[in-house]
Each structure stands twice: as structure tokens, then as C-alpha cells.
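Peer 1: what shape does this take:
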Amino acid sequence: MFSVAWYPIYRIPEGNFRASFLTYHSLGYFAQRCNSTDSINENMFCIVFPVLGLQSYNAQGECWFDPKISVDPSSKDSKHVNSSETLKERLRTLLENASLFARGCVFKNNVKVVNRQPDYEFFISRQC
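Peer 2: Next up is the predicted model:
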């Protein structure tokens, strides 16, 4: 398991984005993807480590977790509601997983050891 902290390093001209993210990934769970390159008939393979846990701060009022609204006039409103609920459930699961990864318990030499990850504690301390 590893985590990555994502912080804005410069101001984005089109918006006032201040959100920071802490993502959790597993070295044992990855996907290999093939991406086409600019060269003719050549492909590049890359390894993707999906996000298994997530914590954020300063994300309130920003559009990071807003569902995308279809511009197709023939699409049904219920589809938007379902995708919105799916997104909320996914975010809830990612937040819960982040807590479990950062504060998980393991046994070492028959002694229960509680993990405390400073990055996670930092993110939690800055939430509103």
C-alpha cells in the first residue's frame, strides 16, 4: 500500500482551485493499459494503480466531485440521478477506505499495532 499527496503548486488561471488530495493505492492491484502514441502503429503500455482510498481538504465549492451532466437532450434525468448517487457511494467508500488504510490495525509478534499515518491526520485536521 502506498499513498500520494496531491497539492496545487501554482494557480490555474481559469479558476481558483485550492483542493488537496491524499490517494491510496496498492502495489498488488494494478492494471496494464495500452495507449496509442503519436508514432504510426506504435502502442505504449503503462501500469495504472487505481485509487482505493481518498481524503481531501479545501475541495468544498469546487467541481472535483460533481457528476458530469449530459448535454444530450434525449438523455433521461433518472440517468443523471443514478450517476449522482453512484458517485456519492463511490466517494463514501473511498473516504472509508482511506480511514481504514491510515488507521488500520495489524498484529506484529502477537501485539496489536495501530497504524497512524501523519499525512492522513494532517488532511483530517484541515477539514471544515
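Peer 1: going by residue numbers, what spans are strands in this structure?
Peer 2: 2-6, 20-25, 31-36, 43-48, 53-57, 105-108, 111-114 (DSSP state E).
Peer 1: residue 24 and residue 49 touch, don't they?
Peer 2: No. Taking contacts as C-beta atoms under 8 Å, residue 24 lies outside contact range of residue 49: 9.6 Å. Bear in mind the C-beta positions are built from the backbone N, C-alpha and C, glycine included.
Peer 1: show me the shaky parts of the protein.
Peer 2: 12-13, 36-42, 68-81, 128 (pLDDT under 70).
Peer 1: rerun that using 90 as the cut-off
Peer 2: 1, 7-19, 27-48, 58-88, 104-108, 114-116, 127-128 (pLDDT under 90).
Peer 1: angle of the longest helix anywhere in it against strand 2-6?
Peer 2: Determined from DSSP state H, the single longest helix within the chain is helix 77-102. Angle between the axes of helix 77-102 and strand 2-6 is 120 degrees (criterion: axes from the mean of the first three to the mean of the last three C-alpha atoms, to 10 degrees).
Peer 1: go through helix 77-102 and flag the buried ones.
Peer 2: 94, 97-98, 101-102 (16 or more other C-beta atoms under 10 Å).
Peer 1: also stretch 57-71?
Peer 2: 57-59.
Peer 1: specify which member of the residues you listed is nearest to residue 16.
Peer 2: Relative to residue 16, the closest of these is residue 58; by C-beta to C-beta it sits at 10.5 Å.
Peer 1: nearest residue to the closest one in space, ignoring adjacent ones along the chain?
Peer 2: Ranked by C-beta to C-beta, 6 or more residues apart in numbering and with sequence neighbours excluded, the top spatial neighbour of residue 58 is residue 18, at 4.3 Å.
Peer 1: cool, and residue 114?
Peer 2: For residue 114, the closest residue by C-beta to C-beta, 6+ apart turns out to be residue 105, at 5.3 Å.
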